[in-house]
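Visitor: model the following, please.
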Amino acid sequence: MELPKAGTSYMQERRGIAAVQSYAAANAQIWRETGTGDVGIDGQLEFVNAEGFATGRTVAAQVKAGPSFFKIPSDGGWKFYPEDKHRHYWEHFPLPVLLILHNPDDATSYWVDARQALRTPARSEKAYIEVPKANLLEGTSPANLFENAGVLDQPFIPKIEDVLDQLLKTTSTEGAFPLSYFDLFVHGLTNICRSIYYGMDAVCSAVEFNLQEQGAEFGMGIGGAEQEFAFGFVKFLLVQNLAQIDYADCLIDWVDREMQPHFVAPLTSRGRAVVDLIDREEERLVKSGALPNEGNLRIAQEGFFEMLPQSYFKRFPRIRGFQATFAKEASSHEKKKA
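Guide: Numbering: from 1, shown residues only. All right, here's what the predicted structure looks like:
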């Protein structure tokens with residue numbers, strides 16, 4: 001009597017899923033396997049912090065198990081060639097997508113954020129996704145695994161009053177770069193204080209004003225330490241849950257392009273609570289006479305930003321000509337069809 005046979009591919013697949021589940025259990029993280037409708041995502045991992053709280057910071061996972069996935073080496077790991085349908089699906093997925101290769105021969109797993117690779121211009125041009133040998137799943141801390149989901153190894157400050165205190169206390173130690181996180185927070189407020197703007201123009205404007213007020217002999221100096229301090233503000237907003245920042249997109253600028261990110265992000269309820277607290281503290285200081293009453297001029301007040309016409313005005317005729325040429329060609333094609 002012949003019986004159904006469980007195939008090798010099924011067994012390998014389950015070993016891969018079990019390896020991810022084992023990682024989650026060993027590191028006190030949450031693993032949710034996709035029960036139905038698996039079309040490119042095997043499950044999701046949710047970050048649980050050191051205090052045991054589920055944070056909502058989540059990544060998706062696609063597991064590929066079997067020795068065949070380790071047959072095409074790259075300089076630093078292995079090449080994985082996704083199908084076009086998966087390239088498009090992972091690139092547009094709303095969560096970071098961890099591609100995990102599991103080798104059942106030695107029970108090791110390696111990972112890469114496939115969505116990040118597909119969204120990064122320098123890497124997306126390649127037909128393959130490189131899975132680094134250095135990214136051994138079993139040796140990866142949860143904080144590193146969830147970094148693109150906005151998990152950073154910094155303490156969360158529960159009280160809004162303490163958040164404001166930290167914004168004020170966190171200042172650059174570089175003499176040619178006088179700047180605080182408070183500067184960046186209030187200078188970046190926009191959209192009726194519902195959003196925050198971040199970019200090097202805002203950073204430089206605040207530094208140059210502070211230098212002028214100090215009567216500094218020399219101008220602004222920016223090096224590695226100053227760049228790290230400024231980007232640290234982006235991390236602070238994220239860790240303290242003050243703004244809804246696409247940190248994975250920020251990392252494309254910061255890591256791959258080696259430049260500061262540039263964004264407008266909605267404030268969270270906590271971010272808006274900080275704005276309200278600044279308003280109340282300003283009112284208190286005005287009433288006590290410590291600050292002058294300047295009418296409608298407020299500390300936490302929206303600023304406006306726009307694209308500089310000088311950067312694109314010369315392109316207007318060329319843009320118009322491009323559209324006109326396309327319209328002319330389309331009209332010509334239609335006449336030929338007729």
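Visitor: next up, the contacts around residue 223.
Guide: residue 174 (C-beta atoms under 8 Å, 6 or more residues apart in numbering). Where you see a C-beta, it was placed from the backbone N, CA and C, and this is true even at glycine.
Visitor: at 6 Å instead, please
Guide: For residue 223, no contacting residues are found, by C-beta atoms under 6 Å, 6 or more residues apart in numbering.
Visitor: what about residue 139, how many residues nearby?
Guide: Residue 139: 10 surrounding residues under other C-beta atoms under 10 Å.
Visitor: cool, and residue 278?
Guide: 22.
Visitor: for residue 277, see how far away the residue nearest to it when sequence neighbours are not counted is.
Guide: Of all residues not flanking residue 278 in the chain, residue 300 sits nearest, at 4.3 Å (C-beta to C-beta, 6 or more residues apart in numbering). Residue 300 sits at a distance of 9 Å from residue 277 (criterion: C-beta to C-beta, to the nearest Å).
Visitor: related to what we said a few turns ago, so what's the residue nearest to residue 278 up against?
Guide: The neighbours of residue 300, taking C-beta under 6 Å, 6+ apart as the test, are 186, 275, 278-279.
Visitor: adding pLDDT, secondary structure and distance to residue 37, write these out as a markdown table.
Guide: Putting these into a markdown table (pLDDT from 0 to 100; DSSP: H, G, I helix; E, B strand; the rest coil; distance: C-beta to C-beta, whole Å) gives the following:
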| residue | pLDDT | secondary structure | distance to residue 37 |
| --- | --- | --- | --- |
| 186 | 97 | helix | 46 |
| 275 | 98 | helix | 41 |
| 278 | 97 | helix | 46 |
| 279 | 97 | helix | 47 |
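Visitor: ok, back up a step: phi, psi of the residue nearest to residue 278?
Guide: phi -90, psi 90 (degrees, to the nearest 10).
Visitor: residue 79 now?
Guide: phi -100, psi 130.
Visitor: can you count the residues close to it?
Guide: Neighbourhood size, residue 79 [other C-beta under 10 Å]: 17.
Visitor: also residue 114?
Guide: 27.
Visitor: so which strand or helix has residue 126?
Guide: Residue 126 belongs to no helix or strand when assigned by DSSP states H and E.
Visitor: and the helix or strand encompassing residue 321, average pLDDT?
Guide: Residue 321 is part of helix 316-337, with elements assigned from DSSP H and E. Over the span of helix 316-337, the pLDDT mean works out to 90.
Visitor: give me the buried positions along it.
Guide: Buried positions in helix 316-337, judged by neighbour count with 16 or more other C-beta atoms under 10 Å: none.
Visitor: export it as CSV, just CAs?
Guide: Output of helix 316-337 as CSV, limited to C-alpha atoms (Å, rounded to 0.1, in the frame of the first residue of the first chain):
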residue,chain,number,x,y,z
PHE,A,316,10.4,75.6,-16.7
PRO,A,317,10.8,76.1,-20.5
ARG,A,318,12.4,72.6,-20.8
ILE,A,319,9.7,71.0,-18.8
ARG,A,320,7.0,72.7,-20.9
GLY,A,321,8.9,71.7,-24.1
PHE,A,322,9.1,68.1,-22.9
GLN,A,323,5.3,67.9,-22.4
ALA,A,324,4.6,69.6,-25.7
THR,A,325,6.9,67.1,-27.6
PHE,A,326,5.3,64.1,-26.0
ALA,A,327,1.8,65.5,-26.9
LYS,A,328,2.9,66.1,-30.4
GLU,A,329,4.3,62.5,-30.8
ALA,A,330,1.2,61.1,-29.3
SER,A,331,-1.0,63.0,-31.7
SER,A,332,1.2,61.8,-34.6
HIS,A,333,0.8,58.2,-33.6
GLU,A,334,-2.9,58.6,-33.3
LYS,A,335,-3.1,60.0,-36.9
LYS,A,336,-1.0,57.1,-38.2
LYS,A,337,-3.4,54.6,-36.6
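Visitor: now list the buried members of the contacts of residue 300.
Guide: Neighbour-count burial (16+ other C-beta under 10 Å) applied to the contacts of residue 300 gives 186, 275, 278.
Visitor: what about the closest residue to the second one other than its chain neighbours, distance to residue 204?
Guide: What it means is residue 275. Once flanking residues are discounted, residue 275 sits nearest to residue 300: 4.7 Å by C-beta to C-beta, 6+ apart. The gap separating residue 300 from residue 204 is 21 Å, by C-beta to C-beta.
Visitor: now residue 35
Guide: Residue 35 is 51 Å from residue 204, by C-beta to C-beta.
Visitor: who's more crowded, these two?
Guide: Neighbour tally, residue 35 and residue 204, criterion other C-beta under 10 Å: the higher count belongs to residue 204, 15 against 7.
Visitor: could you say which helix or strand holds that one?
Guide: Residue 204 belongs to helix 200-214, assigned by DSSP H and E.
Visitor: contacts for that helix?
Guide: 177-179, 183, 187-188, 220, 230, 260.
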